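**Student:** Below are the sequence and a predicted model for it; my questions follow.
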Amino acid sequence: MTTLQERPDTDTEPLDTRRRLVVIGNGMAGARTVEEILERGEALQFRITMFGDEPYGNYNRIMLSHVLSGEETDADIFLNTLPWYEENQITLHAGVRVTRVDRFAKIVYGSDGSATDYDTLIFATGSYSFMPAIEGLRTDDGELLPGVFAFRTIDDTRRMVEYAQHDEHRRAVVIGGGLLGLEAARGLQTHGLVVDVVHAGAHLMNAQMGPQGGDILRQSVEKLGIEVHLKARTTAIIGEDRVRGVWLLDHPQLECDMVVVAAGIRPNVDVALTSGFTVERAIVVDDYMRTVDDPDVYAVGECVQHRGEVYGLVAPLWEQAVVLADQITGVDTSSAYLGSRTATKLKVAGVEVASMGVLGPEREGDEHIVFSEPTKGIYKSIVIRDDKLVGATVLGDTSKVAFLMQAFDRGLPLPDERVEMMFNLGSPTAEVGAAELADDAQVCNCNGVTKGHLVACVESGVKSVAGVMDKTRAGKGCGSCKTMVCQIVEWAAGGAVVEDPSANWYVPGVPMDKPALMVAIREQGLRSVSSVFAALAPEGAEDAKSKMGLASLLKMMWADQYIDEKDAKFINDRVHANIQKDGTFSVVPQMKGGVTTPDQLRRIADVAEKWNIPLVKLTGGQRIDLLGVRKEDLPKVWADLDMPSGYAYGKSFRTVKTCVGKDFCRFGVGDSTQLGIDIESRFQGIESPAKLKLAVSGCPRNCAESLVKDIGIVAIEGGRWEVYIGGAAGAHIRKGDLLATVDDPETAKTLTGRFMQYYRENAKWLERTYAFVPRVGLDFLKEVIVQDSLGIAADLDARIQEAVDAYSDPWKEGAAPATPGQFRSSLPLEVLPQVPVR
Ligand SMILES: Cc1cc2nc3c(=O)[nH]c(=O)nc-3n(C[C@H](O)[C@H](O)[C@H](O)COP(=O)(O)OP(=O)(O)OC[C@H]3O[C@@H](n4cnc5c(N)ncnc54)[C@H](O)[C@@H]3O)c2cc1C
Ligand code: SF4
């Protein structure tokens, strides 16, 4: 039965004279428009009712790729949760589809039988995934064949994740090599699936780039292990009860367990069409976002056609929402939408991509400048017409994109040296870059935030980067603009940037810095991660992102008294092996100081042969790595090896690299091998905030590279040893600082343990020593650790001793798994995605 919901019962309710605004569609454009209306302080004018056929509040659809890849949880991507609607007195019909609009009676009919009056109506119905006519795509009752997915909604994403994690599902085919297809492919890969992308076009992302750029993108994508099939048309899906593979025209058929269709989108115009509105490619609107049929009905977002254009990215719809809010509230009736120049900056499958304007030269006289470095995945193409930038495609290195976007948007004069548009030659400082940016230059495309918004936010009193990001949402989409956001906030605050309070929290889910957290844990005797949440997190809420950090901290504090909860750990820590990008694991048996014996070598060789280990490789830390082990084989491999774990996996003390030392080397002045073995024996397996890599060299020639280790020890003349801390030679390179020069190896060992414990107790979660040492200060560390200025040296020594005493070899767990599923695979195991065998 139909009920009229919005007509007031005049006997009991005072007459509400506000205009009734109804919004159909609670997606990114609909909700943003309502926010813009509220921001104009005009909520009092309206009684707002929203319909959304998804049963949720409003979420950031862009972030679904992150949810698919597991980087974000679905709870993290909500922009407006249900209480937000209540707080703003908005009636939300979540999970209700509008089926028809009677524009003469001004009533909207819902799938729940409701009828709602309106004075002003907005269509914000977005798009749906286009499903091409492929044989076998649907079952007889019209449903998608089990294993076939669209990629549009949170529900699609949840279903995909569940299906991808099924033990028996190993291969996926993604139909479509555009933005969405590549994001889906990358996301599925993180669940251990082997993924093929089937693309009908001659190159990837053909809507955003030309063939050369597309080819380099293909190479970058293939380097990630995703196979790309170009000019490939899917003719049929194979499988009766569920997907088994796909047929391709003129290509070999592909076996697979799931298919994701990302073949484009179509504006969702059904209701507008059946309700008598003008629809061409989408709902036709004028420059005020008004439908051409009815001055009281507007449309916004992907369901809109404006001056012949339909847009499929968020930046244009942010611009539309502003105009629509200006118009509807009457705040600025001169406001008009004149179309968007789509310049996009995205991170596609981890590759930075920016694209604007024309894809290549179109007219005689167009200048076309191209730089291409395929091995690094870098490609830059710029098209200039009459001295103005009319198009650019940038892949891999987007350092100049802010400038290019400005030049494209406002036709800025271009430098005579065109190469300056591609590279930072004699680059200006970040401050100058931020200062020079025009106020309306869009910094965050995903959320439509300009430099002006950021500056205004800082001027309104928000002086922390995180605060500005929260308030404006800048940097909360694909994340590629974060550096620029920081630079602008710093520049706008003129050196008065304040640190966000949460910046000092040890983990995001518990509002305490590390010392306070440790005191509370000790006082309350909290020995498990769940008990910390229950006692110290706001409302006892568990936070997935905080679990690993807390587990490490508790293990450090309680040693063998710690209550281990497996779900608090990263996969490497759960199975004591290193997960590789193909979903298999690598194991490193212990070889203290890099020293081994013929018996160990023989055993390793036998194990490698018996278990068909595809790659046996020496690591950078002088150990032997057995790569390509299947998860369920791990306990058997360890049992056959019968050697302890080599600690190459977790956030813990790892290994000590050594050189030959004085026994054999002509230059050696100290027994580096023995000291390395002693240190490794003593500190094996000890948890720390981040990994700890050590080395000992027998003389200052430093063959073990001790100066670039977290702790490096070097023998010098006179039987003395130098102890260095805070070195690194990874993504970050830093020469270690000299902590002390000592007279004997015993003292070197003591200082190593003492520094380790101080670092364990005081470093932030995931803070490597190369950041910790300069933050705390070398002089201070010398005073505390060497001179014992705080009188805590003995305590530090005692606490590291406790941790040493609590050591047990995690590979012993192989015999009695901690949980039934600990070594059960959820990864593709039959058709092994091969680690290359060389
Ligand atoms: C996985 C993914 C990644 C993306 N990445 C990017 C990116 O990096 N950058 C970018 O700019 N864009 C990206 N996009 C595109 C971007 O999400 C869209 O441009 C944007 O969401 C469009 O907003 P909209 O409000 O018009 O439509 P939507 O957000 O789809 O909202 C429309 C809503 O209306 C509802 N609805 C439809 N019909 C009815 C009805 N009859 N009754 C009630 N409710 C109805 C729908 O269920 C939906 O919730 C991505 C999209 C996806 C799916
Ligand atoms: S560091 Fe010195 S002792 Fe060690 S191997 Fe090199 S030269 Fe020899």
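**Tutor:** Perfect, thanks for sending it. Ligands and ions are numbered 1, 2, ... in the order given.
**Student:** Only C-alpha atoms from now on, for both contacts and neighbour counts.
**Tutor:** Will do.
**Student:** mind listing what's buried in stretch 702-721?
**Tutor:** 702-716, 720-721 (16 or more other C-alpha atoms under 10 Å).
**Student:** In strands only, show me those residues.
**Tutor:** Counting by DSSP state E, the part of these found in strands is Ile711, Gly712, Ile713, Val714, Ala715, Ile716, Arg720, Trp721.
**Student:** these two touch, right, the first one and Ala728?
**Tutor:** No. With contact defined as C-alpha atoms under 8 Å, Ile711 and Ala728 do not form a contacting pair (9.3 Å).
**Student:** Next, show the common contact partners of the two.
**Tutor:** Residues touching both Ile711 and Ala728 (C-alpha atoms under 8 Å, 6 or more residues apart in numbering) are Gly736.
**Student:** and the residue nearest to Gly646 when sequence neighbours are not counted, how far is that from ligand 2?
**Tutor:** Distances taken as C-alpha to C-alpha, 6 or more residues apart in numbering put Gln590 closest to Gly646, at 3.6 Å, once the chain neighbours are dropped. Distance of Gln590 to ligand 2, computed by C-alpha to the nearest ligand atom, to the nearest Å: 21 Å.
**Student:** What is the burial count for Gln590?
**Tutor:** Number of residues near Gln590 (other C-alpha atoms under 10 Å) recorded here: 23.
**Student:** cool, Thr655 as well?
**Tutor:** Thr655, neighbours per other C-alpha under 10 Å, totals 30.
**Student:** what residues does stretch 195-211 touch?
**Tutor:** So stretch 195-211 is contacted by 171-179, 181-182, 185, 188-189, 214-215, 217-218, 225-234, 355-356, 359-360, 393 (C-alpha under 8 Å, 6+ apart).
**Student:** Restricted to helices, list those residues.
**Tutor:** Among the contacts of stretch 195-211, DSSP state H puts Leu179, Gly181, Leu182, Ala185, Leu188, Gln189, Gly214, Asp215, Leu217, Arg218 in helices.
**Student:** what stretches of the stretch 101-250 of the chain score poorly on pLDDT?
**Tutor:** Low-confidence segments of the stretch 101-250 of the chain, defined by pLDDT under 70, are absent.
**Student:** quick one, helices of it?
**Tutor:** Listed in chain order, the helices found in the stretch 101-250 of the chain under DSSP state H, counting those that start in this stretch are 154-164, 179-189, 211-223.
**Student:** now the stretch 351-500 of the chain
**Tutor:** Under DSSP H, counting those that start in this stretch, the stretch 351-500 of the chain gives helices at 401-410, 430-436, 451-459, 465-472, 482-492.
**Student:** The ones you listed: lowest mean pLDDT?
**Tutor:** Confidence, taken as mean pLDDT, is least for helix 430-436 of the helices of the stretch 351-500 of the chain (a mean of 60).
**Student:** could you show me where the helices are in the stretch 701-838 of the chain, in order?
**Tutor:** Using DSSP H, counting those that start in this stretch, helices in the stretch 701-838 of the chain cover 745-762, 769-776, 778-781, 793-805.
**Student:** Including mean neighbour count, could the ones you listed go into JSON lines?
**Tutor:** Formatted as JSON lines, those follow (neighbours: other C-alpha atoms under 10 Å):
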{"stretch": "helix 745-762", "mean neighbour count": "20"}
{"stretch": "helix 769-776", "mean neighbour count": "17"}
{"stretch": "helix 778-781", "mean neighbour count": "16"}
{"stretch": "helix 793-805", "mean neighbour count": "17"}
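**Student:** Let me know which of those is the nearest to Leu121.
**Tutor:** With C-alpha to C-alpha, the closest approach to Leu121 among those belongs to helix 769-776: 54.9 Å.
**Student:** which helices and strands sit right next to that closest one?
**Tutor:** strand 720-725 (3 or more C-alpha pairs under 8 Å, 6 or more residues apart in numbering; DSSP states H and E).
**Student:** Distance from the strand it packs on to the middle of the chain?
**Tutor:** How far strand 720-725 lies from its chain's middle: 39 Å, per C-alpha atoms, centre = their mean, to the nearest Å.
**Student:** pLDDT averaged over that strand, what's the number?
**Tutor:** For strand 720-725, mean pLDDT rounds to 97.
**Student:** near ligand 2, anything from that strand?
**Tutor:** No. Judged by C-alpha under 6 Å from any ligand atom, strand 720-725 stays clear of ligand 2, getting no closer than 12.4 Å.
**Student:** Kindly format the C-alpha coordinates of that strand as PDB.
**Tutor:** Only the C-alpha atoms of strand 720-725 are listed here, as PDB (Å, rounded to 0.1, in the frame of the first residue of the first chain):
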ATOM      1  CA  ARG A 720      89.000  -1.900  20.400                       C
ATOM      2  CA  TRP A 721      85.500  -1.800  18.800                       C
ATOM      3  CA  GLU A 722      83.400   1.100  17.500                       C
ATOM      4  CA  VAL A 723      79.600   0.800  17.900                       C
ATOM      5  CA  TYR A 724      77.500   2.700  15.400                       C
ATOM      6  CA  ILE A 725      73.700   3.200  15.500                       C
END
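**Student:** what comes into contact with it?
**Tutor:** Applying C-alpha under 8 Å, 6+ apart, the contact partners of strand 720-725 are 706-707, 709-716, 736-745, 748, 752, 769-770, 773.
**Student:** List phi and psi for Arg623.
**Tutor:** Main-chain dihedrals, Arg623, degrees, to the nearest 10: phi -120, psi 170.
**Student:** tell me the contacts of it?
**Tutor:** By C-alpha under 8 Å, 6+ apart, the residues touching Arg623 are Val588, Pro589, Gln590, Met591, Gly594.
**Student:** residues near the second one, how many?
**Tutor:** One way to gauge burial is a neighbour count; for Pro589, by other C-alpha under 10 Å, it gives 21.
**Student:** Do you know the pLDDT at it?
**Tutor:** 87.
**Student:** Leaving out chain neighbours, which residue sits closest to it?
**Tutor:** Per C-alpha to C-alpha, 6+ apart, closest to Pro589 is Gly646, 4.6 Å.
**Student:** Give me the pLDDT value at the one you found.
**Tutor:** For Gly646, the predicted pLDDT is 74.
**Student:** The residue in the stretch 101-250 of the chain that ligand 1 sits nearest to and ligand 2, how far apart?
**Tutor:** In the stretch 101-250 of the chain, the residue that lies nearest ligand 1 is Gly126 (3.2 Å; C-alpha to the nearest ligand atom). Look at Gly126 and ligand 2: by C-alpha to the nearest ligand atom, they are 65 Å apart.
**Student:** about what we covered before: filter the ones in helices among the contacts of stretch 195-211 down to just the buried residues.
**Tutor:** Using 16+ other C-alpha under 10 Å as the burial test, the ones in helices among the contacts of stretch 195-211 include Leu179, Gly181, Leu182, Ala185, Leu188, Gln189, Gly214, Asp215, Leu217, Arg218 as buried.
**Student:** my read: the third one touches Lys347, true?
**Tutor:** No. Counting by C-alpha under 8 Å, no contact exists between Leu182 and Lys347, whose distance comes to 10.3 Å.
**Student:** Glu162: what's it in contact with?
**Tutor:** Contacts of Glu162 (C-alpha under 8 Å, 6+ apart): none.
**Student:** The same query, at a cut-off of 10 Å, please.
**Tutor:** Applying C-alpha atoms under 10 Å, 6 or more residues apart in numbering to Glu162 gives the contacts Leu68, His191.
**Student:** Please apply the same query to Thr655.
**Tutor:** 590-594, 621-623, 646-648, 676-677, 679-681, 683-685, 691-695.
**Student:** For the one residue in the stretch 51-200 of the chain that gets nearest to ligand 2, which non-adjacent residue is spatially closest?
**Tutor:** Of all residues in the stretch 51-200 of the chain, Thr190 sits closest to ligand 2, at 41.1 Å by C-alpha to the nearest ligand atom. Nearest residue to Thr190, sequence neighbours excluded (C-alpha to C-alpha, 6+ apart): Ser69, at 5.7 Å.
**Student:** Return the backbone torsion pair for Asp241.
**Tutor:** Reported as degrees, to the nearest 10, the phi and psi values for Asp241 are phi -90, psi -30.
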